[in-house]
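1. predicted model and sequence follow; I will ask about them next.
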Amino acid sequence: MSKRQFVISFVFAVLVIGFLALLTIYSTSLKDRTGSAGVNSKFSGYKMDSEPAYNFQASTHLGEAISLSDYKGSIVLLDFWSSWCAPCKKEAVALNELYVEYLGNNYDVEFIGVNIWDTHDDFVNHLDKFGIDYANILDDDGSVLFEYGVRGIPEKYLIDAQGNLAWKFVGPTEKTLLKDTIDNLLVNY
């Protein structure tokens, strides 16, 4: 075997081993989610073990002081996003429409946007551009992101009326899936 053939064989073997390692990691992660977690068919959301949600305090884009505990008794959708994130932009209008729908029907459902990895100007411009009506905070020090273990965006958490984590959605999520999950929480509280 020539030196060139050996190098090609070696590179190919490394690529195959790397692919198999990634496949193993992905399937293990998928098994973790599909066990008791109840992953939906699109693998974007799963039921979480009920534990108290991290109670943060912050100021909204309008300068209002809020705390997650202010919303106890309501179902809360916590949405982590950034202005430069294409999927976040794509779902911004649908999320706001869903919020307005619940607000208009007097349901005990609140949305809080948590902007991460952005400047204040980009944060405010995004909210203005998409006409977002619900409270949004700029997590400029990353404390909320850290406490929730956010790894990427968009990520959403549903918090039940008792203030416990209920569902987590990773990546862009269809409005109908969010609505169905929120409606299910409303029925059960």
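-> That came in fine, so what should we check first?
2. low pLDDT regions in the chain?
-> 6-7, 9-43 (pLDDT under 70).
3. could you pull out the helices for it?
-> 3-34, 86-104, 120-130, 143-148, 175-187 (DSSP state H).
4. got the buried residues for the last one?
-> Translated: helix 175-187. Of the residues in helix 175-187, 177-178, 181-182, 185 count as buried by neighbour count, 16 or more other Cβ atoms under 10 Å. From N, CA and C alone the C-beta is placed, and that goes for glycine too.
5. looking at those residues, which is nearest residue 118?
-> The nearest member of these to residue 118, counting by Cβ to Cβ, is residue 178 at 22.5 Å.
6. hang on, isn't that closest one packed against residue 156?
-> Yes - with contact defined as Cβ atoms under 8 Å, residue 178 reaches residue 156; the gap is 7.3 Å.
7. just to revisit the earlier point, which among the buried residues of helix 175-187 gets closest to residue 80?
-> Taking Cβ to Cβ as the measure, residue 80 lies nearest residue 178 of the buried residues of helix 175-187, at 14.1 Å.
8. skip the chain neighbours and tell me the closest residue to that closest one.
-> residue 98 (6.2 Å; Cβ to Cβ, 6 or more residues apart in numbering).
9. can you give me the domain boundaries for this structure?
-> With domains defined by automatic domain parsing, the chain comprises 1-34, 45-187.
10. so which of the ones you listed is the most surrounded?
-> Neighbour counts (mean count of other Cβ atoms under 10 Å) averaged over each of the domains of the chain peak at domain 45-187, with a mean of 17.
11. so who does the residue sitting nearest the centre point of the chain touch?
-> Closest to where the C-alpha atoms of the chain average out (Cα atoms, centre = their mean) is residue 155, at 1.4 Å. Counting by Cβ atoms under 8 Å, 6 or more residues apart in numbering, residue 155 touches 79-80, 148, 168-171.
12. for the residues you listed, give me a markdown table that also has distance to residue 137.
-> Compiled in a markdown table, the contacts of residue 155 are given as follows (distance: Cβ to Cβ, whole Å):
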| residue | distance to residue 137 |
| --- | --- |
| 79 | 11 |
| 80 | 11 |
| 148 | 13 |
| 168 | 19 |
| 169 | 19 |
| 170 | 21 |
| 171 | 21 |
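13. quick one: which of the residues you listed is nearest to residue 127?
-> Nearest to residue 127 among the contacts of residue 155, with distances taken as Cβ to Cβ, is residue 79, at 12.1 Å.
14. where's that closest one relative to residue 136, distance?
-> Counting by Cβ to Cβ, to the nearest Å, the gap from residue 79 to residue 136 is 9 Å.
15. okay, and the common contacts of these two?
-> Listed contacts common to residue 79 and residue 136 are 112-114; contacts here mean Cβ under 8 Å, 6+ apart.
16. thanks a lot, see you next time.
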